[in-house]
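S.K.: Sharing a model prediction with you, sequence too.
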Amino acid sequence: MNIERIKTRSPSLLAASLLMSTVSFQSSADVILHAFNWQYDDVAARAQEIADLGYKKVLVSPAYKSTGDQWWARYQPQDYRVIDNPLGDTDDFRDMVNALKAVGVETYADIVFNHMANEAWKRSDLNYPGSEVLAQYAANETYYDSITLFGDVSNGLFGGGDFHGTFDQGGPKCISNYSDVGDVQYNRLCGAPPDPGLPDLDPNNWVVSQQKAYLQMLKNMGVTGFRVDAAKHMTNYHINAVFDSTIKNGVHVFGEIITTGGAGSSEYDNFLAPYLSDTGHSAYDFPLFAQIRSAFSFGGSMNSLVDPGAYGQALAGDKAITFSITHDIPLNDGFRYQLMDPTDEFLANAYVLGRNGGVPLMYSDNNESGDNRWVDLYKRDDIKGMIKFHNGTQGSGMQVINYNDCLILFKRDHKGVVGINKCGSGQDVWVNTATDNLWWYRNYRDTLSNDVQTITSQWHKFYVPGRSARMWLME
């Protein structure tokens, strides 16, 4: 939907029509680079570049024993006690953490505690890591001893009694009803029949103790954050048992619970809301993502981005991981409907990195999906400019100045102004700089273009071109 450019009007007439909305929570955001499926030594080699671009944290793919070159194989653990997979080994991981720490960047680790690898195609037992891997350890004893995180790798880690749905309980079952909490949290994630699915771990004392030992070793190496994969499929009892006060001390934990909306949607009410209240952890802000997709869709309105948290359609700022794309969306056929038009995704990134509240996550892959859209995204000029704005306004409040179906214009106290126009025609917006506390005789320079706004009077006109964003940062 296109709306003609707002006509220039006198300040007295415009004053009556300007709308103001204030978002109260303060930002404590530091941008996370999701270095999806990057080799650990590649992350280490780019540590200085990552720091120079303004990132404060790097989320890396799961680090433990796993095999197979496909990206999804990283989400099928065989053994927690050893880091050994196509992305690198324990030494590579430690070197990466140290390289990032040396330039002031933290390491976040992706964690898979819901299940172990689906290896039914080669063996029927539920012993992990299995005889084949144990034989590999024995044949290279010196090497594997040197990269062992904890425990005795001459013996197995888990057996049949460490899983839900063992055969003495009537056999493992696949999830059949994704709206049923018990079904989702106690049964297996499966593909099409006859796939037996991913063996679902039971949070007994042994399983919990081994998962805690793994987390503690990563913390000892310097990891300061954990992303909990498939948190929707774990009971909050299990999550709290593993992430006790000792493990959580000094680290940021956030879970992946995919929903199609916020308050009122079944996924939110049945899974995300209980997770947030029962664990106190952060989570991906899928409710906000749903609002973003709605706003940028054909016929959608930017009004929905004014204050979505006010009606339960965004998480609280101190609990939110905000984004425009996650790895699941392009890499899983069932979620690809959530992909946005590339220009809309650019505008969504401006909103995510321009607003106050949440920790923004920027996804950058190696073209695992074949779309070729997110390769080197982390260092694109537009992303670099958006991070510059985000870091320059961090901790400042957010006040929405004007909005309509096509446009939203908001400021970050006096430090910056963001304009996002999803429609084809450019728009002028007059701003009362006295009421809105923008500083005079200071340049506000757009971090995405060469546009500079210098305010010299009470009323100032900001222009946002069609299908574009402006992020004016005070110099």
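M.R.: Perfect, thanks for sending it. Owing to the predicted nature of the structure, the values given are computational and were not obtained by experimental measurement.
S.K.: Assign a three-state SS to V153, would you?
M.R.: Assigned with DSSP: H, G, I helix; E, B strand; the rest coil, V153 falls in the coil class.
S.K.: Need the pLDDT of it.
M.R.: Note for V153: predicted pLDDT of 98.
S.K.: Surely it is in contact with V82?
M.R.: Yes. Using Cβ atoms under 8 Å, V153 is in contact with V82, at 6.2 Å. Where you see a C-beta, it was placed from the backbone N, CA and C, and this is true even at glycine.
S.K.: So the two - more neighbours on which side?
M.R.: Set V153 next to V82 and count neighbours by other Cβ atoms under 10 Å: V82 wins out with 26 against 23.
S.K.: contacting residues for the closest residue to V242 other than its chain neighbours?
M.R.: The shortest distance from V242 to any non-neighbouring residue, by Cβ to Cβ, 6 or more residues apart in numbering, is to Q211 (4.8 Å). By Cβ atoms under 8 Å, 6 or more residues apart in numbering, Q211 lies in contact with Y80, F113, V242.
S.K.: Out of the residues you listed, who's the most crowded?
M.R.: That'd be Y80 among the contacts of Q211, by other Cβ under 10 Å, with 28 neighbours.
S.K.: and that residue, what pLDDT?
M.R.: Y80 is assigned a predicted lDDT (pLDDT) of 98.
S.K.: mind listing what the residue lying closest to it once chain neighbours are set aside touches?
M.R.: Nearest in space to Y80, with sequence neighbours left out and distances taken as Cβ to Cβ, 6+ apart, is Y214 at 4.0 Å. Each residue near Y214 by Cβ under 8 Å, 6+ apart is listed here: Y64, Y80, R81, L149, F150.
S.K.: 10 Å - rerun?
M.R.: 63-64, 77, 79-81, 83, 109, 111, 113, 149-151, 242 (Cβ atoms under 10 Å, 6 or more residues apart in numbering).
S.K.: So which of those belong to strands?
M.R.: Here DSSP state E is the test, and the contacts of Y214 give A109, I111 as lying in strands.
S.K.: out of the contacts of Y214, which are buried?
M.R.: Those of those that meet the buried threshold are 63-64, 77, 79-81, 83, 109, 111, 113, 149, 151, 242, by 16 or more other Cβ atoms under 10 Å.
S.K.: Let's have the contacts of Q211 in JSON lines, adding distance to H164.
M.R.: Output for the contacts of Q211, formatted as JSON lines (distance: Cβ to Cβ, whole Å):
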{"residue": "Y80", "distance to H164": "18"}
{"residue": "F113", "distance to H164": "13"}
{"residue": "V242", "distance to H164": "16"}
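S.K.: Any idea how many residues pack against I420?
M.R.: The burial count for I420: 25, using other Cβ under 10 Å.
S.K.: Tell me what it is bridged to.
M.R.: Here I420 sits in beta bridges with I408, A469, as judged by DSSP bridges.
S.K.: so where's the stretch 201-350 of the chain shaky on pLDDT?
M.R.: Within the stretch 201-350 of the chain, no stretch falls below the threshold (pLDDT under 70).
S.K.: related to what we said a few turns ago, the residue nearest to Y80 looks like it's in a helix, true?
M.R.: Yes. Assessed by three-state DSSP, Y214 belongs to a helix.
S.K.: Could you list the buried residues of stretch 380-388?
M.R.: Neighbour-count burial for stretch 380-388 [16+ other Cβ under 10 Å]: R380, D382, I383, G385, M386, I387, K388.
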